[in-house]
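Asker: What would the 3D arrangement of this be:
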Amino acid sequence: MTSTLQPGPLGPGLPSRLRTWLGPSPFQQIVLFIGVLGIFALFGSNTVDSMQRMGLTPGFGFLFHQANFEIGETVLPYSAGDTYARALAAGLANTVKVAVVGCVLATFLGVALGIARLSGNLLLATFVHAYVELLRNTPLLLQLFLWSAIIHALPPPRGAYLFLESVYLSNRGVYVPSISLHGLSWAIWLPAILLTAYASLSLARRLLTGATFYMPKATMTVFGSLVVCTLALTSFGLAATIDLPAKGGFNIKGGLSLTPEFFALLIGLVVNASASISEIVRSGIQSVKSGQWEAARALGLKPAQIMRLVVLPQALRVITPLMISSFLDLTKNSSLAVAIGYPDIVSVANTTANTTGQALEAICFIAAVYLTLSLSVSALMNFYNSRIVLRGETRR
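Answerer: Numbering: from 1, shown residues only. Coordinates of the predicted model:
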């Protein structure tokens with residue numbers, strides 16, 4: 001039986017759509033909305049009047065004034081005498097650095113702990129369980145104070161602890177080997193290496209059937225591509241040298257130096273976030289049906305192969321949405337850096353507010369920065385989640 005289209009309007013008009021959108025009692029809702037806007041306008045007017053009485057000009061014009069304070073540790077070049085905008089940019093770069101490195105390290109550690117929690121080794125599983133319960137039930141600020149105290153209690157550089165003949169631990173920071181690139185601008189070699197890594201990783205995935213990801217083969221493909229890219233860049237004048245730290249006089253020279261404040265903040269954030277991530281990984285692995293394990297065993301796969309090739313790819317669909325919250329928490333928790341002396345965006349903004357008196361603008365800037373970072377992390381992880389989400393069965 002076929003249906004015929006009847007003449008008449010295609011749907012409700014604009015008034016009906018507005019009534020549906022506003023819901024019941026639209027007049028009361030409009031009045032309430034206008035009242036809330038009036039209250040905010042009153043508060044804003046009082047704030048502006050108070051600032052003018054104190055001789056302050058509302059707005060962000062102070063960003064282009066000269067900042068007469070130093071920042072102990074910066075990624076971007078900064079010195080006293082630069083503008084407040086430059087100082088805030090340096091603080092933002094410090095926040096992004098600790099957030100990015102922390103998310104990467106927390107992911108690796110959390111995945112390892114989540115798998116270890118399900119281990120058949122009772123001692124290992126009990127240790128991970130106690131680790132998770134301890135870290136999830138104590139304040140992060142207290143953990144940061146503890147790590148800061150531990151690092152500052154390390155011996156001076158002359159008696160620094162040496163690991164793997166190239167890593168030094170002292171109360172002045174952690175010194176690790178670094179790679180120095182000379183001859184070409186980073187704007188040339190960094191994009192080339194990143195694009196090569198992405199292309200080789202995509203090729204490694206396409207070499208296999210389905211969505212299976214064989215780590216050794218992919219690792220060899222990526223490593224080989226990076227070597228080829230590095231050799232190609234070297235032929236254009238790129239030179240790479242490895243700089244190892246070594247004791248010299250009263251300090252340690254060479255290598256990459258991680259300040260005690262940065263290292264304490266990084267360790268505190270990573271260890272705390274890894275406890276939550278491990279529980280997410282554990283729940284994701286346990287969500288995979290037992291039939292998948294039995295089928296993989298029937299094929300003769302080893303436990304490590306079952307976990308890597310069968311279980312984890314399916315568990316990612318459960319793990320990824322929850323990982324977004326963990327990454328957002330780690331990014332926002334980095335604001336506690338001000339408590340242990342690391343110059344992040346909150347610390348620099350507080351100094352800016354104290355020297356200029358523009359406290360409201362500084363608070364708005366901090367809120368805008370963390371909102372932007374949170375939305376960026378969420379958008380990136382949601383994009384990744386959309387790539388691995390279960391699409392359902394295809395119609396034949």
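
Asker: for the stretch 201-350 of the chain, what spans make up the strands?
Answerer: Taking DSSP state E, counting those that start in this stretch, the strands of the stretch 201-350 of the chain run over residues 239-243, 246-248, 251-253, 256-258.

Asker: Help me confirm that residue 385 comes into contact with residue 318.
Answerer: No - judged on C-beta atoms under 8 Å, residue 385 makes no contact with residue 318 at a distance of 10.6 Å. In this view, the C-beta of every residue, glycine as well, is placed from N, C-alpha and C.

Asker: Could I get the contacting residues of residue 261?
Answerer: 72-73, 148, 337, 340-343 (C-beta atoms under 8 Å, 6 or more residues apart in numbering).

Asker: picking that back up, got a markdown table for the strands of the stretch 201-350 of the chain, with distance to residue 305, mean neighbour count and mean pLDDT too?
Answerer: Formatted as a markdown table, those follow (distance: least, C-beta to C-beta, whole Å; neighbours: other C-beta atoms under 10 Å; pLDDT from 0 to 100):
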| stretch | distance to residue 305 | mean neighbour count | mean pLDDT |
| --- | --- | --- | --- |
| strand 239-243 | 35 | 11 | 67 |
| strand 246-248 | 43 | 13 | 72 |
| strand 251-253 | 43 | 16 | 75 |
| strand 256-258 | 36 | 17 | 77 |
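
Asker: Of the ones you listed, which is nearest residue 178?
Answerer: Ranking these by their distance to residue 178 (criterion: C-beta to C-beta) puts strand 256-258 first, at 3.8 Å.

Asker: Identify each of the helices in the stretch 201-350 of the chain and give its residue range.
Answerer: Secondary structure of the stretch 201-350 of the chain (DSSP state H, counting those that start in this stretch): helices at 215-235, 260-286, 290-298, 303-305, 312-333, 345-356.

Asker: In the second one, which residues are buried?
Answerer: By neighbour count on 16 or more other C-beta atoms under 10 Å, the buried set for helix 260-286 is 260-282, 284-285.

Asker: I'd like the average pLDDT over that helix.
Answerer: Across helix 260-286, pLDDT averages out at 89.

Asker: next one: the shortest one
Answerer: When the per-residue pLDDT values of helix 303-305 are averaged, the result is 77.

Asker: Just the endpoints, please. Distance across stretch 110-127?
Answerer: End-to-end distance of stretch 110-127 (C-alpha to C-alpha, to the nearest Å): 14 Å.

Asker: starting at the chain centroid, how far to that stretch?
Answerer: Remark: stretch 110-127 is offset 25 Å from the chain centroid, using C-alpha atoms, centre = their mean, to the nearest Å.

Asker: same check, this time on stretch 377-384
Answerer: How far stretch 377-384 lies from its chain's middle: 11 Å, per C-alpha atoms, centre = their mean.

Asker: Let me see the residues that make contact with that stretch.
Answerer: In contact with stretch 377-384 (C-beta under 8 Å, 6+ apart) are residues 103, 320, 323-324, 327-328, 331.

Asker: Mind listing what's buried along that stretch?
Answerer: 377, 381.

Asker: Might you calculate how far the lengthiest helix in the chain sits from the centre of the chain?
Answerer: Using DSSP state H to define each element, the chain has its longest helix at helix 84-117. Centroid displacement of helix 84-117 relative to its chain, using C-alpha atoms, centre = their mean, is 5 Å.

Asker: Now do it: which elements does it pack against?
Answerer: helix 122-136, helix 260-286, helix 312-333, helix 345-356, helix 359-388 (3 or more C-beta pairs under 8 Å, 6 or more residues apart in numbering; DSSP states H and E).

Asker: got those helices as a markdown table, with distance to residue 162 columns?
Answerer: Listed next are the helices and strands packed on helix 84-117 as a markdown table, based on distance: least, C-beta to C-beta, whole Å:
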| stretch | distance to residue 162 |
| --- | --- |
| helix 122-136 | 27 |
| helix 260-286 | 16 |
| helix 312-333 | 30 |
| helix 345-356 | 32 |
| helix 359-388 | 37 |
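
Asker: of all those, which lies closest to residue 77?
Answerer: Nearest of the helices and strands packed on helix 84-117 to residue 77, taken as C-beta to C-beta: helix 345-356 at 14.7 Å.

Asker: For residue 63, grab the count of nearby residues.
Answerer: Neighbourhood size, residue 63 [other C-beta atoms under 10 Å]: 19.

Asker: Which strand or helix spans residue 27?
Answerer: Per DSSP states H and E, residue 27 falls inside helix 26-53.

Asker: so that helix versus helix 359-388, what angle?
Answerer: 130 degrees (axes from the mean of the first three to the mean of the last three C-alpha atoms, to 10 degrees).

Asker: Which strands or helices does helix 26-53 pack on?
Answerer: With 3+ C-beta pairs under 8 Å, 6+ apart as the test, helix 26-53 has helix 14-22 packed against it.

Asker: Residue 121: which of the helices of the stretch 201-350 of the chain is closest?
Answerer: Closest among the helices of the stretch 201-350 of the chain, once you apply C-beta to C-beta, is helix 303-305, at 12.3 Å.

Asker: Go through the helices and strands packed on helix 84-117 and name the closest to residue 66.
Answerer: Per C-beta to C-beta, nearest to residue 66 of the helices and strands packed on helix 84-117: helix 345-356, 10.4 Å.

Asker: Let's see the closest one as CSV, backbone CA atoms only.
Answerer: These are the backbone C-alpha positions of helix 345-356, laid out as CSV (Å, rounded to 0.1, in the frame of the first residue of the first chain):
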residue,chain,number,x,y,z
ILE,A,345,50.0,30.2,34.0
VAL,A,346,48.3,30.6,37.5
SER,A,347,51.5,31.6,39.1
VAL,A,348,52.4,34.2,36.4
ALA,A,349,48.9,35.5,36.4
ASN,A,350,48.9,36.0,40.2
THR,A,351,52.2,37.9,39.9
THR,A,352,50.7,40.0,37.1
ALA,A,353,47.6,40.8,39.2
ASN,A,354,49.7,41.8,42.2
THR,A,355,51.9,44.1,40.2
THR,A,356,49.2,45.7,38.1
